[in-house]
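1. The following block contains a protein sequence and its predicted model.
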Amino acid sequence: MTKARPLDKILAGLAFMLGLATILGALGSQFIGGLQPCELCLEQRLPYYWGLPILALVLVLWNRLPLPVWYLAVGIVAALFAWGTYLGAFHSGVEWGFWPGPTACTGLGESFSLDALNDLQPVIGCDVVQFRFLGISLAGYNALVSLAIVVLLTGAMVFQARRKG
């Protein structure tokens, strides 16, 4: 007879898998699908780059971490993805024209020379939607996925507290 996994570990594992699938999808859409990320797109990846390694460590060291360290690490990851939710929602608003995007998405930078034209990468405006599915852009989906990760991690913390309390 196998022992059932605690719900807190299942929720944290689901959050990790969802985050990993999302960042791999973003990288795949760029390097395989040819979609060029804008400045805000790249910034929205930071919670994945920072949060997923922390969450992976939490999962690997699950039963060896002191409980305060576990809460701190999961809380940091949840906060990172809350920031990711904000970034995705902000970017979606820029795409819909609700508010202006950062100047980095539209300008050429402070210094520019004609010799630099040979090395230029395409500049994608933050208000340009390259792909929509069911009327939602990738930034919108990122906001939804990041919010789902926050909910899963918050649930993991609640179930951890119930289990240990």
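-> Received, thanks. Residues are numbered from 1 along each chain as shown.
2. Going by C-alpha atoms from here, please, whenever you check contacts or count neighbours.
-> Will do.
3. Quick check: which helices or strands does the helix or strand hosting residue 155 pack against?
-> Assigned by DSSP states H and E, residue 155 falls within helix 138-164. If you count contacts as 3 or more Cα pairs under 8 Å, 6 or more residues apart in numbering; DSSP states H and E, helix 138-164 packs onto helix 7-31, helix 67-96.
4. helices and strands around the first one, which ones?
-> Which is helix 7-31. With contacts defined as 3+ Cα pairs under 8 Å, 6+ apart, helix 7-31 has these neighbours: helix 46-60, helix 138-164.
5. partner strands of the worst-scoring helix or strand of the chain on mean pLDDT, parallel or antiparallel?
-> When the helices and strands of the chain are scored by mean pLDDT, DSSP states H and E, strand 132-133 comes last with a mean of 73. Partner strands and pairing direction for strand 132-133 (DSSP bridges) are strand 136-137 (antiparallel).
6. Mind checking the pLDDT average for the strand it pairs with?
-> On average, the pLDDT along strand 136-137 is 77.
7. Same check on stretch 90-106?
-> Average pLDDT, stretch 90-106: 77.
8. hmm, back to that, which residues does the least confident helix or strand of the chain contact?
-> Contacts to strand 132-133, defined as Cα atoms under 8 Å, 6 or more residues apart in numbering, come from residues residue 138.
9. Tell me where the model's unsure across this structure.
-> Scanning the chain for pLDDT under 70 picks out 1-5, 104, 106-123, 126-128, 131, 164-165.
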